[in-house]
Structure formats: C-alpha cells, structure tokens
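1. Sequence and computational prediction follow.
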Amino acid sequence: MEILTEIALTVRRGAYSEMPALIQRALDLGLKPNEILNKALFVAMEEVGVLFREEDIFVPEVLLSARAMQAAIDVLAPHMVGETNIKRGKVLLGTVKGDVHNLGKNLVNIMLRGAGYDVIDIGENIAAQVFVERAVQEDAQIIGMSALLTTTMGQMAEVIKALEKAGLKGKVKSLVGGACVTQGFADKIGADGFAENAGQAVSKVRELLDR
C-alpha cells in the first residue's frame, strides 16, 4: 500500500514531526498496528541499519530515524491491546566487567528497539555471572556484549564459559562487538555472532534468531 511506503520513507528521513498524522491516517484506512509495524516501521529501521553499516548515513541521522520510530509507536501503542507478536525477540545488552564505555551499546539498543526487538540494557561493568543470571530472569534469547578496551575483551570469553557452565550455550545466543573486537576473536572465544557496528547488530540478531 502507498501509505506503508510513505511511512517507511518518513522514518528513513527522520521526519518525526510528520509521523503522528501519518500513522493516524494509516489506522483510519483500516490498517492493523502489526501491519504498520512489520511492513513499514521495522522494514525502514532495518534499512537504516544497513545504510549506517555502509556509512551512507551517520549517528545523527540514525537518532532522527529512531525518534520518528518512537513517534509512530506512541500513536500505535493504544491500539496494540490484544495484538500478538509485536516484539520480534528479546536481547540482553551490557558492557563487560571492567569496561564502562556505553556509546556503542546504547546505539545498538536504539537500533534494535527501532527494529522491533525487546531490549534489556543491564548497563556497564557487568560480571559474567550477572549476564547469565539476568538472561535467565528476563528469558532473553540473545546476550549482546560490548567492550571498548583490549584489556576487557577477555571478559566476553568468561560470559560464554558461564553460559556453557549453566547449560545454556546454544540456547541463549551470544553476540559480541566493540572497537577492539574482531570476527577472529569472536570465533576464538566461541561467540555465536559478531557485529562490527550498530547497523550490523540488527542484521546479526535477526540471523541468530532465525537459526
């Protein structure tokens, strides 16, 4: 439908002030919230993720698109009562023990929420056992770990060991990222996935949930 295309384009442009009227028009036309979410909003944010990953857009544009997404959700929320499958999966995010950097993690949070995932951000300087305990408490399907410092990268391996010890490795997937983290390191410690940036994190989460 033309209205869904218009909504998606508006999210990509980050024109948040236009969203409330646009979403209301879609609802007035008889579209269901799930249809608007899945066929316009989620699609648009995934495209934003790709553009960010390929450096065609940058953080300010991503934040504007996320704001447009939130403006749309604000209008849709009252109409979501009784809707099912609004969320696409649950991801637990945190920066590993010894590391208090959060810019990358926070951007991943924004991108994942915008793409329709349920995100639990447990903060910074998080011990391995806490990652696992919170993942169990929150019934998370993926643990996303961030590290900026080479001195804290090893904590990612500790989280994966803790998952293994708890009998959860493979059941709860692990995704790692950060300035110092590489695909080779992710492979070495047995992580299920590696994301080079926030845009790629969205694609990787979808990939891990589809496995």
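-> Arrived safely. Residues are numbered from 1 along each chain as shown.
2. Met80 - nearest residue in space that isn't next to it in sequence?
-> Setting aside the residues directly before and after it, Met80 is nearest to Pro33 in space (C-beta to C-beta, 6 or more residues apart in numbering), at 5.1 Å. Heads up, the C-betas are built off the backbone N, CA and C, glycines and all.
3. Likewise for Ala166?
-> Using C-beta to C-beta, 6+ apart, the closest residue to Ala166 is Val132 (5.4 Å).
4. on that earlier part again, so the residue nearest to Met80 sits against Leu76, correct?
-> Yes. With contact defined as C-beta atoms under 8 Å, Pro33 reaches Leu76; the gap is 4.7 Å.
5. Now do the shared contacts for those two.
-> Leu27 (C-beta atoms under 8 Å, 6 or more residues apart in numbering).
6. before we move on, back to that, quick check: pLDDT value at the residue nearest to Met80.
-> Looking at Pro33, its pLDDT is 88.
7. Run a quick neighbour tally on it.
-> Pro33 is flanked by 23 other residues according to other C-beta atoms under 10 Å.
8. State the distance from Asp28 to Ser203.
-> Applying C-beta to C-beta, to the nearest Å, the value for Asp28 to Ser203 is 34 Å.
9. Among the two, which residue is more densely surrounded?
-> Neighbours were tallied for Asp28 and for Ser203 using other C-beta under 10 Å; the higher tally belongs to Ser203 (16 against 9).
10. give me the element the residue lying closest to that one once chain neighbours are set aside is part of.
-> In space, and not counting its chain neighbours, Ser203 is closest to Gly49: 6.6 Å by C-beta to C-beta, 6+ apart. If you go by DSSP states H and E, Gly49 is part of helix 42-53.
11. which residues sit in contact with the residue nearest to Ala166?
-> When contacts are counted by C-beta under 8 Å, 6+ apart, Val132 touches 143, 159, 162-163, 166, 168, 172.
12. Could you provide those residues in TSV, with additional columns for distance to Ala179, neighbour count and pLDDT?
-> Below are those laid out as TSV (distance: C-beta to C-beta, whole Å; neighbours: other C-beta atoms under 10 Å; pLDDT from 0 to 100):
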residue	distance to Ala179	neighbour count	pLDDT
Ile143	19	29	98
Val159	18	26	98
Ala162	23	20	98
Leu163	23	23	98
Ala166	29	15	97
Leu168	27	16	97
Val172	25	19	98
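13. ok, the residues you listed vs Met45, which is closest?
-> Nearest to Met45 among the contacts of Val132: Ile143, at 21.7 Å, using C-beta to C-beta.
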